[in-house]
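In: below are the sequence and a predicted model; questions follow.
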Number of protein chains: 2
Amino acid sequence: MAGVTHSTVSRALHNSPLINRETVERIQRIAAEAGYCSSAAARSLVTRRSDTVGVVVTNIADPFVAGVVSGIEETADQHGFSVLIANSNAEPEREVRVARKFEERRVDGIIVTSSRVGAQYVPLLSQMQVPIVLLNNQHPSQFAHSVMIANTQASLDVTRHLIGLGHSRIAYLGDRYGHQSDTERFSGYLQALEAAGLHFEPELAVHGDGKAEGAAAAISALLALADPPTAIFCYNDMSALGAIRAIRDHGLRIPTDISIVGFDDLYISQYLDPPLTTVRQPMPQMGRMAMETLLRIFAGGDAEYDLKVPGELIVRGSTAPPLIPRLTSPPKLLRKENHE
Amino acid sequence: MAGVTHSTVSRALHNSPLINRETVERIQRIAAEAGYCSSAAARSLVTRRSDTVGVVVTNIADPFVAGVVSGIEETADQHGFSVLIANSNAEPEREVRVARKFEERRVDGIIVTSSRVGAQYVPLLSQMQVPIVLLNNQHPSQFAHSVMIANTQASLDVTRHLIGLGHSRIAYLGDRYGHQSDTERFSGYLQALEAAGLHFEPELAVHGDGKAEGAAAAISALLALADPPTAIFCYNDMSALGAIRAIRDHGLRIPTDISIVGFDDLYISQYLDPPLTTVRQPMPQMGRMAMETLLRIFAGGDAEYDLKVPGELIVRGSTAPPLIPRLTSPPKLLRKENHE
DNA sequence: CTGAAAGCGCTTACAG
DNA sequence: CTGAAAGCGCTTACAG
């Protein structure tokens, strides 16, 4: 070293006001020249903070998740935090392993994105005694903060949009894993039907897997009905993608024969043909909000427990009035004219 | 604690063969009951390994990048490594900050994904004295290992496929940022033209930005040519997405009027209408290979310096024979007729 | 304004 | 098979 002690160097590098200006500058210069870089591990051992947050995701390759993580990372970086990422693949053993790993690394906080966190998982994480933020997740509020899209409202908007176009046979293609998001979206759909005086038909509620693959079987079931739907509200854009393909495979046109709505507004949804009507979730912003919640808690402040983010209905080409209007008696002719 | 010393506990928890079986079990039981979890920071201070790898990405929201990271994380997890992620956004200051952060955290290795690592950046990282793996990146070989898709070969395959369909006016929609991937793909395109005895027309080489947005201007330029192309080979699927939209905006059909090929085989590409002909890059597998390269080096073995991964041409509906056979003399008229 | 001391929670030779 | 000791690289009261 260069003339001074350990402690002085440490203080100088932190720009401590206790130290002589000149000394500080000299030390910083020498440190830079020597390529000195302090050890986060040693520091965190004494400060008891790791300046690290752990992010648990089902799979980072999911575009919704990737968008959220992008926002988390951005905000974390601005505040000097590192982000540790771990896929859980929704497998219980991996979830446990991830929790363990984050605990060893003494993360200062945890964000869990759109997994279906089970009754055991959040308590497992909460043992760690660090703040937890759940993003679009089930929310047992005593353990964790949450950031959620306003599912019910957005879903009401979607369903009203379809009803407004003249649809009355509207199907809901849900997710089969019991995500809270699915429950809430379904509930908004029901509310809108009811408000419009439409009867809910259980045969019109079907389930996919939240991915494109899972939609085909559900769509086949819908199209096999005696009176198939003229519009389908899909749990998310990925399901909509699968639905669109399945509908085309059945020889039907979108939106002429069937209108389709998604949820998420993935980047690619605007590029589909026809462009997808959907609900925009501001993914990076939601990630940022989750990270900001943690930062607020780290700073000793108190943070909102339930942040609701409004979703925005984006109307594009995948929705249109139905070919066949409901109930009125000689409507076929009328409609036909409008279409040509 | 429970009857024994510090050191014994440490050994027992590592299943050291030195320790009495019974003692080991007793200690492990007590540790489990007490919810003991060792500190990675303290451990890494003495072992001088962090069991952490740093991953630098341009932006995790890019679907190619997310696919790669998914493979990295999977493999890292299997071997007890954590992954730290950092967006560079291709901004030089952020790249420097990221390098600094990884150095403080004493990552055991670094993976850089598909950024255009500049002449300064790799040396900056290499100062850290840890192994570096570049994925689909420029490769100054004395500093880093690399995993790359076999761009030239794949590009030859694509261009031959188009020539085989009867195309002779084939455009290349590249990336304007000087990625090595772009250079290599362009070179495969040239080679295939030459091998087929076709003359390269500079007016048919245009540049986008690797994203959908950047394609529109390039496509307009191509379609404004006196003799526009009948097929376009796009640098990646995102560009192809933008190209498809721009071509439709010009009132032309795909593949009838123009064939389109991409590169990547993003998840969504199979769901486009028409499904996109493209080159499959096995993204998670490439991530896995990058991580395995690091693991091999950590274990003291030597690892391949230049891993080439073959890309697979996936022919789908976006390519077809051209409407106008080449060379025939009054082609404009022919074209008109075919269009109506 | 600077130094000496203690300690964060581990691992690992070195003895016994 | 187990213990005592040293040390990894920092920060932070406590003196001066």
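Out: Looks like it arrived, so ask away.

In: low-confidence ranges, chain A, go.
Out: A:1-4, A:117-119, A:140-141, A:324-340 (pLDDT under 70).

In: domain assignment for chain A?
Out: A:6-38, A:48-143+A:284-310, A:151-277+A:315-339 (automatic domain parsing).

In: export those domains to JSON lines and tack on distance to B:S38 and mean neighbour count?
Out: Bear in mind the C-beta positions are built from the backbone N, C-alpha and C, glycine included. Shown next, in JSON lines, are these (distance: least, CB to CB, whole Å; neighbours: other CB atoms under 10 Å in any protein chain shown):
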{"stretch": "domain A:6-38", "distance to B:S38": "23", "mean neighbour count": "14"}
{"stretch": "domain A:48-143+A:284-310", "distance to B:S38": "6", "mean neighbour count": "20"}
{"stretch": "domain A:151-277+A:315-339", "distance to B:S38": "34", "mean neighbour count": "19"}
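
In: among those, which is nearest DNA strand D?
Out: Smallest distance to DNA strand D across these (CB to the nearest atom of the strand): 3.1 Å, for domain A:6-38.

In: for the closest one, the distance to its chain's centre please.
Out: Centroid separation for domain A:6-38 versus its chain: 43 Å, with CA atoms, centre = their mean, to the nearest Å.

In: sorry, back to before: let me have the domains of chain A in JSON lines, adding distance to B:A40 as columns.
Out: Compiled in JSON lines, the domains of chain A are given as follows (distance: least, CB to CB, whole Å):
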{"stretch": "domain A:6-38", "distance to B:A40": "17"}
{"stretch": "domain A:48-143+A:284-310", "distance to B:A40": "4"}
{"stretch": "domain A:151-277+A:315-339", "distance to B:A40": "32"}
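
In: which one of these lies closest to B:R29?
Out: domain A:48-143+A:284-310 (17.0 Å; CB to CB).

In: the closest one vs chain B: in contact?
Out: Yes. Domain A:48-143+A:284-310 comes into contact with chain B (CB under 8 Å from any CB of the partner chain), by way of A:50, A:52, A:59-63, A:65-67, A:69-70, A:73-74, A:77, A:82-87, A:94, A:97, A:100-101, A:103-106, A:127, A:284.

In: give me the subset of these that lies in helices.
Out: A:63, A:65-67, A:69-70, A:73-74, A:77, A:94, A:97, A:100-101, A:103-104, A:284 (DSSP state H).

In: what does chain A have sitting close to DNA strand D?
Out: Counting by CB under 7 Å from any atom of the strand, chain A comes close to DNA strand D at A:6-7, A:10-11, A:13-14, A:36-39, A:42-43, A:45-47.

In: quick one on the thing from earlier: out of the domains of chain A, which gets nearest to B:Q28?
Out: domain A:48-143+A:284-310 (14.3 Å).

In: next up, phi/psi of A:S115, please.
Out: phi -100, psi 170 (degrees, to the nearest 10).

In: my guess is it contacts A:V56. True?
Out: Yes. With contact defined as CB atoms under 8 Å, A:S115 reaches A:V56; the gap is 6.7 Å.

In: can you list residues touching both of these two?
Out: By the contact definition CB atoms under 8 Å, 6 or more residues apart in numbering or on different chains, A:S115 and A:V56 are jointly contacted by A:88, A:95.

In: and the two most separated of the ones in helices among the residues of domain A:48-143+A:284-310 next to chain B?
Out: The farthest-apart pair in those, when distances are taken by CB to CB, is A:P63 and A:E104, at 30.3 Å.

In: now for the helix or strand where A:M148 lies, which elements pack on it?
Out: Here A:M148, judged by DSSP states H and E, is contained in strand A:145-149. Packing contacts for strand A:145-149, counted by 3 or more CB pairs under 8 Å, 6 or more residues apart in numbering or on different chains; DSSP states H and E, involve strand A:132-135, helix A:283-298, strand A:306-309.
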